[in-house]
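Student: return a 3D structure for these sequence lines:
(2 chains)
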Amino acid sequence: MSLLEIENVTMQFGGLKCVNDLTFRMDDNELVGLIGPNGAGKTTVFNLTTGVYRPTAGAIRFLGRSVAGQRPYKITGRGIARTFQNIRLFSSLSVFDNVRTACNMHLRHGISHALFRGRGYAAEEKEIHATVMELLEIFGLAGMCDRPGASLPYGDQRRLEIVRALATRPKLLLLDEPAAGMNPSEKEHLMQLIRFTKEKFRLAILLVEHDMKVVMGICERIVVLDYGSKIAEGTPEQIRHDPKVIAAYLGKEAA
Amino acid sequence: MRGPKVLLLIALLVCAGASGFAGAINPYYYDILISIGINILLAVSLNLVTGYTGQFSLGHAGFMAVGAYFSAWVTLTCGQALGGSPPSATGLFLLALIGGGFAAAAAGLVVGVPSLRLRGDYLAIVTLGFSEIIKGVIQNAEPLGAQRGLGGMVQHTNFFWTYAFVALAIYGILTLVHSTYGSGFLAVRDDEIAAESMGINTTKYKVLAFVIGAFMAGIAGGLYAHFKQFIHPEGFNFLKSVDIVVMVILGGMGSTAGVCLAAVILTILPEFLRTVSDYTWLPAPVRELAENRMILYSLLLIVLMLTRPQGLFGKVDLRRKKP
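Tutor: Below you'll find the predicted structure:
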């Protein structure tokens, strides 16, 4: 059984087919890249997988069970977490609270515990505090835990988004253009971070990215989209030499 | 027992202690004191909906009306049956208050549902419409006095009960929004899409905010009804809702401390302005302006908003440092 199976998925907005009969699968602990020119439908695939959109046709299965059209919070509960292309931190919350919010879904106790503050409450909050601080420590953000999330430098905000997604304890992490707007040294650092995350938390990562150096550098397998359809799939080496991919990126002449 | 619970206990004891002196206060000041408590209750409960959860509501007076009429109706119909011995009358009053709170919470549930589809100004219009419906229903309900208003309640509301409920409401809201459970409210306010993809059921939190907010407003309504001993549908109109919204905005959205302070200031200010025209040392034009005190009141609001657009307290809130 694959971790994620996307089968003949089509997403249509009026007359526009953003994703057209797409099929691919991912296994446990795999790092897959999803690339394609602007408007190829990469983010739409993310939005379909995380429940923001319901596919017009086709099936999306996670660990063998369909997730197509479920509410996003339920899909997150099943083990898919994501980051956003345009950073979406909780801007008025501190770095710590941003991550703590993602622990909300794993609470064992409900509203009465929060109100009456019984013995279980303190223990659980302490546990969450420790988990959050440990995650922030790993990603080098612990020193800024009281600062507002939105006040962090750009690269740190991207890292914080990854930490926040990890706090939901996902089995599959979707990263939407994590390298966007980063300089070469930041990108280098990000690549190490993604590899490290994958090994440390033993999860699968689906990566949408425009920067070919990043994608070719870390992905084990790459899926290429163009106009919503899959035009190629394979190892970075295969993709680099695929005439269809070169045509899609550079035009037919070049191929 | 520690932390917030100890503070709550201290607050309740202070309320009980202070209520002993209530009899010594001039009735006019006593009236203002109780009004302040009721307004704090209304403002902090709306702050949960608007300030912490980010759902703009213009119908808070509607929930207050539900609580006021429900509790008044209960004490009026059951009061005679019980005969009115003081302990049982107080018990009935408390039951009626809580019942009024639950009735308002049920109304909050009904309003919470459209809030799932609408946001911002659209939601404001819907909540406004809803509170007008509540008012319209009361205006035509003969058992509730219709247009004549409802009177004859015994004055059960006193200093202790008012401020005990204020303390409970502040305790409830603060413990909630500072817990991991309650972080869902803040997440919904900041970014609904991100909240949802962090595993937070945004629907649940929005409805919950409306229900809890309405419950507290219903209690405030019950306290009001059993203090003024007369309620009228026009007392819960659009302007009353706006008054509460002004307290929240002026105090600083999502700052319970600021909102309490704003409720105090905005309750005292119109009363204080009554006396300005008596101060002979003030220049004549100021005194003349003060005779039209509502103009001065509005002017002060504008000045406050221009100088403190983030609210009196801004983002500063009552909060204990983390462990």
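
Student: every contact and neighbour count from this point should use C-alpha atoms.
Tutor: OK.

Student: tell me which helix or strand of chain B sits lowest on mean pLDDT?
Tutor: helix B:284-291 (a mean of 74; mean pLDDT, DSSP states H and E).

Student: packing partners of that one?
Tutor: helix B:256-276, helix B:293-307 (3 or more CA pairs under 8 Å, 6 or more residues apart in numbering or on different chains; DSSP states H and E).

Student: where does chain A dip in pLDDT?
Tutor: A:252-255 (pLDDT under 70).

Student: chain B contacts on chain A?
Tutor: A:50, A:72-77, A:81-82, A:88-93, A:97, A:100-105, A:107, A:110-111, A:114-116, A:125-126, A:164-165, A:168 (CA under 8 Å from any CA of the partner chain).

Student: which among those count as buried?
Tutor: Among these, those classed as buried by 16 or more other CA atoms under 10 Å in any protein chain shown are A:50, A:72-77, A:81-82, A:88-93, A:97, A:100-105, A:114-116, A:125, A:164-165, A:168.

Student: next step: those restricted to helices.
Tutor: Among these, the ones falling in helices (DSSP state H) are A:72-77, A:97, A:100-103, A:114-116, A:125, A:164-165.

Student: give me the neighbour count for B:Thr280.
Tutor: Neighbourhood size, B:Thr280 [other CA atoms under 10 Å in any protein chain shown]: 9.

Student: if you could redo that for A:Gly118, that was the one I meant.
Tutor: Residues near A:Gly118, counting by other CA under 10 Å, number 12.

Student: in the stretch 101-250 of chain B, what residue is nearest chain A?
Tutor: B:Gly199 (3.9 Å; CA to the nearest CA).

Student: give me the secondary structure label for that residue.
Tutor: Under DSSP: H, G, I helix; E, B strand; the rest coil, the three-state class of B:Gly199 is coil.

Student: run a quick neighbour tally on it.
Tutor: Using other CA under 10 Å, B:Gly199 has 28 neighbouring residues.

Student: tell me where the chain has helices.
Tutor: In the absence of a named chain, this looks at chain A. Under the criterion DSSP H, chain A contains helices at A:42-49, A:72-78, A:95-103, A:111-116, A:119-138, A:154-166, A:184-201, A:212-218, A:236-241, A:243-250.

Student: look at chain B instead
Tutor: Ranges of helices within chain B are B:4-19, B:27-46, B:60-82, B:86-112, B:120-140, B:159-177, B:183-190, B:192-197, B:202-228, B:238-251, B:256-276, B:284-291, B:293-307, based on DSSP H.

Student: mind checking which of the helices of chain A is nearest B:Gly67?
Tutor: Taking CA to CA, helix A:111-116 is the member of the helices of chain A nearest to B:Gly67, at 22.5 Å.

Student: report all helices and strands that the closest one contacts.
Tutor: Helices and strands touching helix A:111-116, by 3+ CA pairs under 8 Å, 6+ apart, are helix A:119-138, helix B:159-177.

Student: isn't A:Met11 right up against A:Cys18?
Tutor: Yes. Using CA atoms under 8 Å, A:Met11 is in contact with A:Cys18, at 5.7 Å.

Student: what is in contact with those two at once?
Tutor: Counting by CA atoms under 8 Å, 6 or more residues apart in numbering or on different chains, no residue touches both A:Met11 and A:Cys18.

Student: spatially central residue in the chain, please.
Tutor: Using chain A. Residue closest to the average C-alpha location in chain A (CA atoms, centre = their mean): A:Leu174, at 1.7 Å.

Student: oops, wrong one, chain B.
Tutor: Closest residue to the average C-alpha location of chain B: B:Leu42 at 0.5 Å, with CA atoms, centre = their mean.

Student: the closest residue in space to it that isn't next to it in sequence: what's it in contact with?
Tutor: Counting by CA to CA, 6 or more residues apart in numbering or on different chains, B:Leu42 lies nearest to B:Ala217, which is 5.3 Å off, once chain neighbours are set aside. B:Ala217 sits next to B:41-42, B:45-46, B:60-61, B:63-64, B:67, B:101, B:104 when contact means CA under 8 Å, 6+ apart.

Student: sorry, back to before: among the helices of chain A, which is nearest B:Ala146?
Tutor: The closest of the helices of chain A to B:Ala146 is helix A:111-116. By CA to CA, the value is 38.3 Å.

Student: which parts of the stretch 151-300 of chain B sit against chain A?
Tutor: Counting by CA under 8 Å from any CA, the residues of the stretch 151-300 of chain B near chain A are B:172, B:175-176, B:179-184, B:186-187, B:190-191, B:194, B:196-201.

Student: how many neighbours does A:Met1 have?
Tutor: Count around A:Met1 with other CA under 10 Å applied: 11.

Student: contact partners for it?
Tutor: Applying CA under 8 Å, 6+ apart, the residues contacting A:Met1 are A:63-64.

Student: repeat that with 10 Å
Tutor: Taking CA atoms under 10 Å, 6 or more residues apart in numbering or on different chains as the criterion, A:Met1 is in contact with A:25-28, A:62-64.

Student: could you do A:Glu161 as well?
Tutor: A:Glu161 touches A:82-84, A:87-90, A:95, A:98-99, A:149, A:167, A:175, A:178, B:194, counting by CA under 10 Å, 6+ apart.

Student: one more time with 7 Å, if that's ok
Tutor: By CA atoms under 7 Å, 6 or more residues apart in numbering or on different chains, the contact set of A:Glu161 is A:83, A:89.
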